[in-house]
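> my questions concern the predicted model and sequence given below.
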Amino acid sequence: MTADDYYVNLLIAMTSRQGRRYSKRIILRGTVTSGIGESRFFTAIPWVREQFQNKLGIDPYPGTFNITVIDDHTEELAALRKERGIEIVPEDSNFCTATSFPVLVNNRVEGMAIIPRVAGYPQTKLEIISAVNIRQALSLNERDTVEVEVRPLGI
C-alpha cells in the first residue's frame, strides 16, 4: 500500500453517514512542548469553562498540555483537523471557534484535544485540556515523546 492509498483509506474510514464525523481511533505521536501561556487565561474565562464543562464534561486544569506532532503523524493530524468534533463557540468576537475530540494520553490520562479554527495556527501543534495537570500526572518533561489516542465521539 502506498502512502497515498493509506491516506485515502484513513479518510474513508473516518467518514460516517453523519457527515464528516470520524469513526475510528487515531494514534498521534509527538513531543511535549511549552506553549506561550495564553491558554491558562483562556481556560479560566467563565463562558469557556462553562462550555468545557457542559459540552466536554471537563472542569479544566488551567492551561493546556501541548505537543508537537512528529512528521510520521502529521497526515493523521491534518485529516483530524478536517473532521467534525464537539464545537466550542465563542461568546466574544475576539475569540475563535474551536473543535474538540476525546483523547487518551499515554494510555493513562483522559482529556480533550482542542483545535482552534484560526488562520496561521501551527499545523503540527496539538493542545489538550484535562481535569489534571498532564505533565505532572505522567511525570513528563519538555521534549519527552508521548502518544495521544484520539477516540471516536461517544467512546
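It's in.
> how much space between the spatially most central residue of the chain and residue 130?
Closest to where the C-alpha atoms of the chain average out (Cα atoms, centre = their mean) is residue 113, at 2.0 Å. The gap separating residue 113 from residue 130 is 10 Å, by Cβ to Cβ, to the nearest Å. For every residue, glycine as well, the C-beta is placed using N, CA and C.
> my guess is residue 100 meets residue 83, correct?
No. When contacts are counted by Cβ atoms under 8 Å, residue 100 is not listed as touching residue 83 (10.9 Å).
> check which element follows the helix or strand hosting residue 103 along the chain.
Per DSSP states H and E, residue 103 falls inside strand 98-105. Using DSSP H and E, the helix or strand that directly follows strand 98-105 along the chain is strand 109-116.
> now do that following strand: distance to the chain's middle.
In terms of Cα atoms, centre = their mean, to the nearest Å, the centre of strand 109-116 is set 4 Å apart from its chain centre.
> list the pairing partners of that strand within its sheet, with orientation.
Sheet pairing of strand 109-116 (DSSP bridges) gives strand 98-105 (antiparallel), strand 125-129 (antiparallel).
> run through who's touching the shortest one.
Outside strand 125-129, the residues within contact range by Cβ atoms under 8 Å, 6 or more residues apart in numbering are 28, 30, 33, 35, 39, 43, 52, 56, 58, 60-61, 64-69, 77, 100, 103, 105, 111-116, 134, 148.
> can you name the residues that contact the closest residue to residue 69 other than its chain neighbours?
Among residues not flanking residue 69 along the chain, residue 30 sits closest, at 4.2 Å (Cβ to Cβ, 6 or more residues apart in numbering). By Cβ under 8 Å, 6+ apart, the contact set of residue 30 is 67-70, 73, 124, 126, 145-146, 148.
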